[in-house]
Structure formats: C-alpha cells, structure tokens
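[1] I would like the atomic coordinates for the input below:
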Amino acid sequence: MKIFFLFFSIVLLTTSATAQIETGNNTVRFEAVDNNANDPTGLELPAIKQPNISNLENKKYNFNTDSDLGKEEEKPFEMNQDDGLLDTPMAKGPKFFEEKKKEEETMARDQVLGEVRTKTGFVRVMFRDHQYVDGDRIRVYVNEDIVQSDISLTASFQGITISLDDGPNIISFQALNQGDSGPNTAELHVYDEEGRIISAKGWNLLTGYKANITVIKE
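    The predicted model follows:
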C-alpha cells in the first residue's frame, strides 16, 4: 500500500513540474501579415503616350529627313571647265605689277623722236643712261646701216659723229637689252657741226625695238 502511494506521488509531482515549465516558457508570437505593397523604386511619373509623327494632321512644318538634302549634284570632271577661280581678286597681281605691265605694253613698239633740219655736213649725237645705270646696251644705225654694233650706256654722255647725206638721214638706236631693271632708257642730244644743240630727246625701249630720229640736210 505504501509503495503504491509513493509511485502515485512521484507521477503527480512529475506532471505538475511539466505543466509549470510549459506555463513559464510562453513567448510572444507575431503572425505574419500578408503585405502585397511593392518596395518603392523612386519617383514614378505617369506614362506619356508617344505621338505618331506619321499621323500628324498639321502639315505646315514638314521636317524633311531626306538623306540627300544639302548634297551638291555631282558633275563629271572636265579639263576645260571654267570654275571661276581665275576671276577672283586673289588671281590678280598687285597694282604695281599691273601698272608695270601696261607701261611695258605701251613701249612694245618703235619710238619716233621727231625730225630736225640743218645745213651742216655732219651732226654729233650724244647719249647716256638717264636713269639708274643698270647695263643698258644699244646698237646705232644710219639709214639702216650699222655704224656702232654694241655700246654700253653709262651715266656720262658719249657719242659718235655722223656725216650727213643730202636729204633725210634716219638715225636709229636699237635696244639690245633692258639692263637689270628695264626698260632700256637713254637721254639723247644732237649737235650740229658748230656745237649748237638742235634736238634733245629720250627713249624708253623694250629689247629689240628702236628709237628713230630724222636729220634732214638742206
């Protein structure tokens, strides 16, 4: 009888202790709440519907997307084609050279120094380079005959004596060159046999041209 009572007491104590442990181990439990909200992803703007450009009704401003817009029409290359480049101001020379060219064109001819009359039997012609001495050379003719083949002009007068035929005597001075600066320039004096000056002239010649003076013996 005592053994039964002891066994019953042990079972009772064990059951009571288990109940106390379960009661003291109660914890707060949170049930999960179903949250369907999406995580924020930043500032969201309402979608804008893109217009269809091809369906625009306003045709006043038409943007041309032609890829050939602005392209020049290709033309075949021609060697003789005038592209206008030679007509530009840059193609023209400085004014100095233009004036020099015009000046040379006016000198591209023989020059007439006039005629004089005398009763003497001869004249003396004197000449010199009347500008910068740059090596000008001349040839002297009388009635187309050479009397001096090559004379270099200097700063001082030099000359020759020419016997006159009755009537006109044409004395010619031909430019053999134009020196370093061009043209061929000279001052000319003509004296009669008494030493009187009867003509004072000058010439500006291009190479190969002549200055002619006529002396008429009366």
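[2] so residue 209 is in contact with residue 108, correct?
    Yes. Counting by C-beta atoms under 8 Å, residue 209 does reach residue 108; the two are 7.1 Å apart. Backbone N, C-alpha and C define where each C-beta goes, glycine included.
[3] which of these two has more neighbours?
    Using other C-beta atoms under 10 Å as the criterion, residue 209 and residue 108 rank with residue 209 on top: 18 against 11.
[4] now the nearest residue to the more buried one once chain neighbours are set aside: how far from residue 207?
    Nearest non-adjacent residue to residue 209, counting by C-beta to C-beta, 6 or more residues apart in numbering: residue 110, 5.4 Å away. Residue 110 is 13 Å from residue 207, where distance means C-beta to C-beta, to the nearest Å.
[5] any common contacting residues for these two?
    Counting by C-beta atoms under 8 Å, 6 or more residues apart in numbering, residue 110 and residue 207 have no shared contacts at all.
[6] and for residue 157, the neighbour number?
    Other residues lying near residue 157 total 12 when counted by other C-beta under 10 Å.
[7] tell me the confidence at residue 21?
    In this model, residue 21 is scored at 49, pLDDT.
[8] give me the three-state assignment for residue 106.
    Following DSSP: H, G, I helix; E, B strand; the rest coil, residue 106 is assigned to helix.
[9] show me the contacts for it.
    Contacts of residue 106 (C-beta under 8 Å, 6+ apart): none.
[10] relative to residue 149, how far out is it?
    Separation of residue 106 from residue 149 (C-beta to C-beta) stands at 28 Å.
[11] where does residue 147 fall, secondary structure wise?
    Using DSSP states H and E, residue 147 sits within strand 145-152.
[12] so for that strand, what gets flagged as buried?
    residue 151 (16 or more other C-beta atoms under 10 Å).
[13] tell me the contacts of residue 125?
    Contacts of residue 125 (C-beta under 8 Å, 6+ apart): 140, 159-160, 162, 171, 188-191.
[14] at 7 Å instead, please
    Contact analysis of residue 125 by C-beta atoms under 7 Å, 6 or more residues apart in numbering lists 159-160, 162, 171, 188, 190.
[15] pick out the most distant pair among these.
    Maximum pairwise distance among the contacts of residue 125 (C-beta to C-beta): 12.7 Å, between 162 and 188.
[16] burial count for residue 138?
    24.
[17] so what strands line up beside whichever strand or helix holds it?
    Assigned by DSSP H and E, residue 138 belongs to strand 137-142. Using DSSP bridges, strand 137-142 pairs in its sheet with strand 145-152 (antiparallel), strand 167-175 (antiparallel).
[18] what lies in contact with that strand?
    In this structure, residues lying in contact with strand 137-142 by C-beta under 7 Å, 6+ apart are 146-153, 160, 162, 169, 171-177.
[19] all helices of this protein, in order?
    2-24, 95-107 (DSSP state H).
[20] mean pLDDT lowest where, among these?
    For the helices of the chain, mean pLDDT drops lowest on helix 2-24, to a mean of 59.
[21] mind checking the end-to-end distance for stretch 113-122?
    Stretch 113-122 has an end-to-end distance of 19 Å (criterion: C-alpha to C-alpha, to the nearest Å).
[22] what sits up against it?
    Contacts for stretch 113-122 (C-beta under 7 Å, 6+ apart): 161-164, 188, 190, 192-194, 198-199, 201, 203, 211-218.
[23] tell me the buried residues in it?
    Across stretch 113-122, burial judged by 16+ other C-beta under 10 Å covers 113, 116, 118.
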